[in-house]
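J.: Build me a model from this:
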Amino acid sequence: FYFEVGNYSSDYSSKAAQVFYAKCVAYAGKAANATYKLKFETDILSADINQHNAQGRLTDKKLNLIQQRFDVLYTAATKHKLHGLCVRILNVNAKLYFDITNANKAVEYLDKAAAIVAKYTSDVSLSQQTELQIYQCRALYFLSRFEESRLAFEAMDLIPRLPLEGVVSADIAKFIQVCLITGHYAKAKLLLDKVFSRFANAQNSAGVMARLHMVKYLVYVGKYADALQELDKLDQLVRDTKVFQYLIEARMLYTIAQMLNGNQYAAEHSAERSLKFLYSKKQPEQLADFIEGFQLLKAYAKGSPITTRQNGILEKYQYNAYRQYGELFNRIRTTR
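T.: Numbers count the residues shown, from 1 in each chain. Reported below is the predicted structural model:
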């Protein structure tokens, strides 16, 4: 069961997780009490969210259904005075709102979790407390307080704690991003070498994530040709994994790298293809932010005068999770 819910996005099967969950309950028999069941159901819901979000399928209707499931789990955990599980549920709920770039809503859940930890510290595992700390670092990132986020991550001293105490590679990924945004490139490279190099060659979504972060680093430090070479090598694997987030990231990094490498024609062609791909989706309005990003890149590549609307797009990319690309958009603007 834990192997299945531990797999990410395209490697995860909700149906398989349910089958293994049922087998675990049958095996445990009378020992499968409320704590056991609630914990497993929380893990399944967390994995379901990862899959929906990674594949770009987290619609408003789906979000409402997920929130209802969270509310039921939290009420039950509170009733049974399972303080550690309450913190776990609140952390996962916060992650959901991080994933849809609603940091203020996420902070509401983190504040509730912090209050529980303060009152029932001995009932909350070190892993859950660590997860809460990491999400607080993430909250600073999504609130555009990038240097504060970097310092908070730094204070946690994450590398020696991997893979223990609830620290996972996605946490390191966020740490890398704030290091790049704030210009701490040496630290970003250290994190890449110490953590992501271990699975960079894996032929799955984890390998794609690791290599895309290396590409991002190469672009930030100005090694545009090297970044393009890496993206060419990665192209087929990105297609095979079919993780929507990674497909878009790869296309955006490719377009940016071509533009900064002086290949305006290739950048324009890439932006046009990416826009056609995004418009072909059933609900392109949910992809408006990505669409606008590629529209701005296309205008830069064509050398067109930047309109008021496009300046608005650039402004949007100065905040929260968009800033990792906004920083590169700024570089394109100043080098045109």
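
J.: pLDDT below threshold where in the stretch 1-150 of the chain?
T.: 6-11, 53-57 (pLDDT under 70).

J.: Also the stretch 151-300 of the chain?
T.: Scanning the stretch 151-300 of the chain for pLDDT under 70 picks out 163-166, 286.

J.: now the helices: where do they sit in it?
T.: Using DSSP state H, counting those that start in this stretch, the helices of the stretch 151-300 of the chain run over residues 169-181, 185-194, 205-220, 224-241, 244-260, 264-279, 288-302.

J.: Of all those helices, which one is nearest residue 22?
T.: Of all the helices of the stretch 151-300 of the chain, it is helix 205-220 that lies closest to residue 22, at 26.0 Å by CB to CB. C-beta coordinates here come from the backbone N, C-alpha and C atoms, glycine included.

J.: could you check the angle helix 244-260 makes with the closest one?
T.: In terms of direction (axes from the mean of the first three to the mean of the last three CA atoms, to 10 degrees), helix 205-220 departs from helix 244-260 by 20 degrees.

J.: How far away from the center of its chain is helix 205-220?
T.: Chain-centre distance of helix 205-220: 13 Å, with CA atoms, centre = their mean, to the nearest Å.

J.: And that helix, what does it pack against?
T.: Counting contacts by 3 or more CB pairs under 8 Å, 6 or more residues apart in numbering; DSSP states H and E, helix 205-220 packs against helix 169-181, helix 185-194, helix 224-241, helix 244-260, helix 323-335.

J.: again, only this time at 7 Å
T.: Where contact means 3 or more CB pairs under 7 Å, 6 or more residues apart in numbering; DSSP states H and E, helix 205-220 is packed against helix 169-181, helix 185-194, helix 224-241, helix 244-260.

J.: contacts for stretch 228-238?
T.: Residues from elsewhere that reach stretch 228-238 (CB atoms under 7 Å, 6 or more residues apart in numbering): 203, 207-208, 211, 214-215, 218, 246-247, 250, 253-254, 257-258, 261.

J.: The same query, at a cut-off of 8 Å, please.
T.: Stretch 228-238 is contacted from outside by 203, 207-208, 211-212, 214-215, 218, 246-247, 250, 253-254, 257-258, 261, using CB atoms under 8 Å, 6 or more residues apart in numbering.

J.: next one: stretch 251-264
T.: Residues outside stretch 251-264 that contact it (CB under 8 Å, 6+ apart): 212, 215-216, 219, 222, 224-225, 227-228, 231, 266-267, 270-271, 273-274, 277, 290, 293-294, 297, 300-303, 325, 328-329, 331-332, 335.

J.: how about that stretch: buried residues?
T.: 251-261, 263 (16 or more other CB atoms under 10 Å).

J.: related to what we said a few turns ago, any idea which of the helices of the stretch 151-300 of the chain gets closest to residue 312?
T.: helix 288-302 (8.6 Å).

J.: What is the closest one packed up against?
T.: For helix 288-302, the packing partners by 3+ CB pairs under 8 Å, 6+ apart are helix 244-260, helix 264-279, helix 308-316, helix 323-335.

J.: before we move on, the earlier item: so can I have a markdown table of the helices of the stretch 151-300 of the chain showing distance to residue 310?
T.: Output for the helices of the stretch 151-300 of the chain, formatted as a markdown table (distance: least, CB to CB, whole Å):
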| stretch | distance to residue 310 |
| --- | --- |
| helix 169-181 | 22 |
| helix 185-194 | 29 |
| helix 205-220 | 21 |
| helix 224-241 | 23 |
| helix 244-260 | 15 |
| helix 264-279 | 13 |
| helix 288-302 | 5 |
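
J.: How many residues are close by residue 221?
T.: Residue 221 has 15 neighbouring residues, counting by other CB atoms under 10 Å.

J.: Not including adjacent chain positions, what is the nearest residue to it?
T.: residue 185 (5.5 Å; CB to CB, 6 or more residues apart in numbering).

J.: my read: that neighbour touches residue 216, true?
T.: No. Counting by CB atoms under 8 Å, residue 185 does not reach residue 216; the two are 11.0 Å apart.

J.: neighbour count winner among these two?
T.: Remark: of residue 185 and residue 216, residue 216 carries more neighbours, 25 against 14, as counted by other CB under 10 Å.

J.: shouldn't the more buried one be in contact with residue 180?
T.: Yes. Contact criterion CB under 8 Å: residue 216 and residue 180 qualify, at 6.5 Å.

J.: Could you tell me which residues touch both of those two?
T.: Counting by CB under 8 Å, 6+ apart, the residues touching both residue 216 and residue 180 are residue 324.

J.: about what we covered before: include distance to residue 127 when you put the helices and strands packed on helix 288-302 into JSON lines, please.
T.: As requested, the helices and strands packed on helix 288-302 are exported to JSON lines (distance: least, CB to CB, whole Å):
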{"stretch": "helix 244-260", "distance to residue 127": "25"}
{"stretch": "helix 264-279", "distance to residue 127": "38"}
{"stretch": "helix 308-316", "distance to residue 127": "36"}
{"stretch": "helix 323-335", "distance to residue 127": "27"}
